[in-house]
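From the sequence below, what's the structure:
(chains A and B, ligands or ions: 4)
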Amino acid sequence: MKTAISLPTLGAMGKTGTWRVFRPIIDVEKCIKCWRCWIFCPDGVISRDDYPTIDLEYCKGCGICAHECPVDAIKMEREKK
Amino acid sequence: MAIKDLPRDEYLLKGHAACPGCPITVALRIALKALGNKTILVIPACCSSVIQALYPKSGFNVPILNIAFEAAAAGASGVSAALKKLDKTDITPVVWAGDGGSYDIGIQALSGALERGTNFIYICYNNQMYSNTGIQRSGATPYGAWTTTTWTGKKEHQKELGEIVRAHHIPYVATATISYPEDLYAKVLKAKNMKGPRYIEIFAPCPPGWRFDMSKTIEMARLAVETGAWILYEEIDGQFAFTSYSKKILEGRDRKPIEEWLQLQGRFRHLTEDDMKKINSHLDEKWNQYKKS
Ligand SMILES: Cc1ncc(C[n+]2csc(CCOP(=O)(O)OP(=O)(O)O)c2C)c(N)n1
Ligand code: SF4
Ligand code: SF4
Ligand code: SF4
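Ligands and ions are numbered 1, 2, ... in the order given. Alright, predicted model coming up:
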């Protein structure tokens, strides 16, 4: 019997950024680098560069990062069609 | 350890299939930071099977044995035995299962594996229902909650699987949640560095299942702890202690009124005053018991 094996793939479900209705936008001037947005992002799309940067190809727009930011440095803006 | 000092390693790949705002993937990201890549996950049928995406692709960068709904702990026992035989004991077999697969259908496999002293970690993420199949009640669904099978509100209180597991007297038992990532990380790391059966339960608020806005997943977990609806504890070789915010409550800080947590969730929208009384007295009873012990 052959065993079915799936292999690790980036974007296994495709470019999940297309699911997004609201887009997170970070104001780096306000950011205090607490990295709460990074740890709480369910999609792991926030990277730890000098400041947090969001990979919009995969960000699903849940808004957790904006909701959990202690200094309101992230706002959610409606995607344009 | 502060949030910023948690490891940067990621074992969950971008573009997985979880709903936006999913608690499981937050929990999994943090747990895998502690477990590392020398891990084999054993996953029964649940949202976590779906989140991986479709064959032949996987959104997880660790090996997974997907197995039948009731069989996770039995499957992990096999993995554990094989790793021992192959002398690869640096690899940790870890069950990652929902509350349906743990409290209900998988409980006998779990109990058996614990009693046999199986060398593995069992992690149950508790979203208080069967979410993968469209929100049915489980043994972990709390009193009053709407699900598609308790559409006038559940009539029974949830059971406490942590207490059942503690009765097996295994080396490590802990509860955690995603709003306290340092606590969660520390507990998984502690478990990883021990041997024998280890059990961790992670409270996981689910936006579509509980009917709240997807940006509030973390807040919902935090409020559950602050209102005492979820308790953070750990038991190491029989030594039981509350941790993190729950410890502060035990030592005298006020518990927030449970209404603050309930009112944010559509699944509790229909509660009556009588329901509220039942919920409050159940909660008081639980806390009084812990305060005594
Ligand atoms: C024996 C058996 N019964 C029913 C099912 C259908 N089923 C698949 S997943 C699931 C619910 C899983 O619930 P839970 O373990 O709480 O995980 P969650 O979906 O919440 O992640 C059910 C009922 C099944 N796969 N096998
Ligand atoms: S909106 Fe959600 S998915 Fe996008 S970066 Fe923020 S937390 Fe991550
Ligand atoms: S949560 Fe806000 S302050 Fe903290 S790192 Fe993210 S953007 Fe910066
Ligand atoms: S139903 Fe809930 S637990 Fe399941 S994938 Fe969606 S958000 Fe996550």
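
contacts and neighbour counts: CA atoms only from here.
Fine.

how about the nearest residue to whatever residue of chain A ends up closest to ligand 4, chain neighbours excluded?
In chain A, the residue that lies nearest ligand 4 is A:Pro42 (9.3 Å; Cα to the nearest ligand atom). The spatial neighbour of A:Pro42 that comes closest, neighbours along the chain excluded (Cα to Cα, 6 or more residues apart in numbering or on different chains), is B:Val26 at 4.6 Å.

Phi, psi for the one you found please.
The phi/psi pair for B:Val26 (degrees, to the nearest 10) reads phi -60, psi -50.

Okay, it and ligand 2: tell me how far apart.
Separation of B:Val26 from ligand 2 (Cα to the nearest ligand atom, to the nearest Å): 10 Å.

That residue: what's it in contact with?
A:Ile39, A:Phe40, A:Cys41, A:Pro42, A:Asp43, B:Ile178 (Cα atoms under 8 Å, 6 or more residues apart in numbering or on different chains).

Relative to B:Glu10, how far out is it?
From B:Val26 across to B:Glu10, the span is 11 Å (Cα to Cα, to the nearest Å).

residues near the residue of chain A closest to ligand 4, how many?
Counted with other Cα atoms under 10 Å in any protein chain shown, the neighbours of A:Pro42 add up to 30.

now B:Phe203
By the criterion of other Cα under 10 Å, B:Phe203 has 26 neighbours.

mind checking how far the residue of chain A closest to ligand 4 is from B:Ala109?
Distance from A:Pro42 to B:Ala109, by Cα to Cα: 30 Å.

Mind pulling the model confidence for the nearest residue to B:Pro23 once chain neighbours are set aside?
Among residues not flanking B:Pro23 along the chain, B:Ala204 sits closest, at 5.2 Å (Cα to Cα, 6+ apart). We have a pLDDT of 99 for B:Ala204.

from what I can see B:Ala204 touches B:Tyr125, true?
Yes - if you go by Cα atoms under 8 Å, B:Ala204 and B:Tyr125 touch, sitting 6.1 Å apart.

residue contacts, B:Thr175?
By Cα under 8 Å, 6+ apart, the contact set of B:Thr175 is B:Gly162, B:Ile200, B:Glu201, B:Ile202, B:Phe203, B:Ile231, B:Leu232, B:Tyr233, B:Glu234.

burial of the closest residue to ligand 4 within chain B, as a residue count?
Residue of chain B nearest ligand 4, by Cα to the nearest ligand atom: B:Cys22 (3.7 Å). Neighbour count of B:Cys22, defined by other Cα under 10 Å: 26.

B:Thr217 is in contact with that one, correct?
Yes - here B:Cys22 reaches B:Thr217: they are 7.3 Å apart, a contact under Cα under 8 Å.

so what sits against both of those two?
Residues touching both B:Cys22 and B:Thr217 (Cα under 8 Å, 6+ apart): B:Cys206, B:Pro207.

in the chain, which spans are helices?
Went with chain A since none was named. With helices called from DSSP state H, chain A shows them at A:36-40, A:64-68.

Let me rephrase: I mean chain B.
B:23-35, B:47-51, B:72-85, B:99, B:107-115, B:161-166, B:181-192, B:207-210, B:217-226, B:244-250, B:259-262, B:273-292.

Off-centre distance for the first one?
Think helix B:23-35. 11 Å (Cα atoms, centre = their mean, to the nearest Å).

and if you look at the last one?
Average the C-alpha atoms of helix B:273-292, do the same for its chain, and the two points are 22 Å apart (Cα atoms, centre = their mean).

Next, the residues that contact it from outside, please.
Residues contacting helix B:273-292 (Cα under 8 Å, 6+ apart): B:Tyr143, B:Gly144, B:Gly228, B:Ala229, B:Leu250, B:Ile258.

tell me the mean pLDDT for that helix?
The pLDDT scores in helix B:273-292 average 96.

Then stretch A:27-43?
Averaged across stretch A:27-43, the pLDDT comes to 98.

what does stretch A:10-23 give?
Computed over stretch A:10-23, the mean pLDDT rounds to 98.

In JSON lines, list the helices of chain A along with mean neighbour count.
Putting these into JSON lines (neighbours: other Cα atoms under 10 Å in any protein chain shown) gives the following:
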{"stretch": "helix A:36-40", "mean neighbour count": "23"}
{"stretch": "helix A:64-68", "mean neighbour count": "24"}
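
how about these in a markdown table, adding distance to ligand 4?
Below are the helices of chain A laid out as a markdown table (distance: least, Cα to the nearest ligand atom, whole Å):
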| stretch | distance to ligand 4 |
| --- | --- |
| helix A:36-40 | 14 |
| helix A:64-68 | 13 |
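
Pull the number of nearby residues for the residue nearest to B:Pro207 when sequence neighbours are not counted.
Distances taken as Cα to Cα, 6+ apart place B:Met214 nearest to B:Pro207, at 5.2 Å, with adjacent residues excluded. Around B:Met214 there are 21 other residues, counting by other Cα under 10 Å.
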